[in-house]
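K.L.:
what follows is a predicted structure for the sequence shown.
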Amino acid sequence: MNSTTIAVAPRHSAPTVVRGTGADSIHQARESARAFTDSLTPAPDPASADALILVVSELATNAVRHGGGRYTLTLSADPVTMTAAVSDPSPAPPRERAPDLNYGTGGFGWHMVRRLTSELTITPGPASGKTIHARLTR
């Protein structure tokens, strides 16, 4: 008697695109990232999914605060990785600064993004802005 195994082939997901303006849109970016990770087959490790959502939240927040007030988020995945690409109108690259432990003015986000990602690149564009590509292992 033969046994047959049917494996679920990993799917390349269609990219998810979110456009945001202002602080109110950051929640939408997080919710879109959660829906995106929930839709992947096979599902990513729960810790990796949570890390992607945190990275998306930080990058969207930084785009709103420091990048011109608006952003475009593109989420994509392949069988091994998940990528969040956040574009904003500012050409200035993110700058690392010492976290403010006393007055609550921030400084933690970029450190977190760098720590949580397996690959991080910054490319020029669109137009005169920049795009930050954050890749995480699935």
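P.N.:
Arrived safely, thanks for sending. Just so you know, these numbers come straight off a predicted model, no measurement behind them. Numbering: from 1, shown residues only.

K.L.:
where along this structure do the helices fall?
P.N.:
If DSSP state H is used as the criterion, the helices of the chain fall at 25-39, 46-66, 109-116.

K.L.:
dump those into a markdown table; add mean neighbour count, mean pLDDT and distance to residue 73 as well.
P.N.:
All C-beta atoms are positioned from the backbone trio N, CA, C, and that covers glycine. Converted to a markdown table, the helices of the chain look like this (neighbours: other Cβ atoms under 10 Å; pLDDT from 0 to 100; distance: least, Cβ to Cβ, whole Å):
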| stretch | mean neighbour count | mean pLDDT | distance to residue 73 |
| --- | --- | --- | --- |
| helix 25-39 | 18 | 96 | 5 |
| helix 46-66 | 20 | 97 | 6 |
| helix 109-116 | 17 | 93 | 14 |
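
K.L.:
got the ones you listed as TSV, with distance to residue 90 columns?
P.N.:
Shown next, in TSV, are the helices of the chain (distance: least, Cβ to Cβ, whole Å):
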stretch	distance to residue 90
helix 25-39	16
helix 46-66	7
helix 109-116	14
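
K.L.:
my guess is residue 98 contacts residue 105. True?
P.N.:
No. Using Cβ atoms under 8 Å, residue 98 makes no contact with residue 105, being 10.5 Å away.
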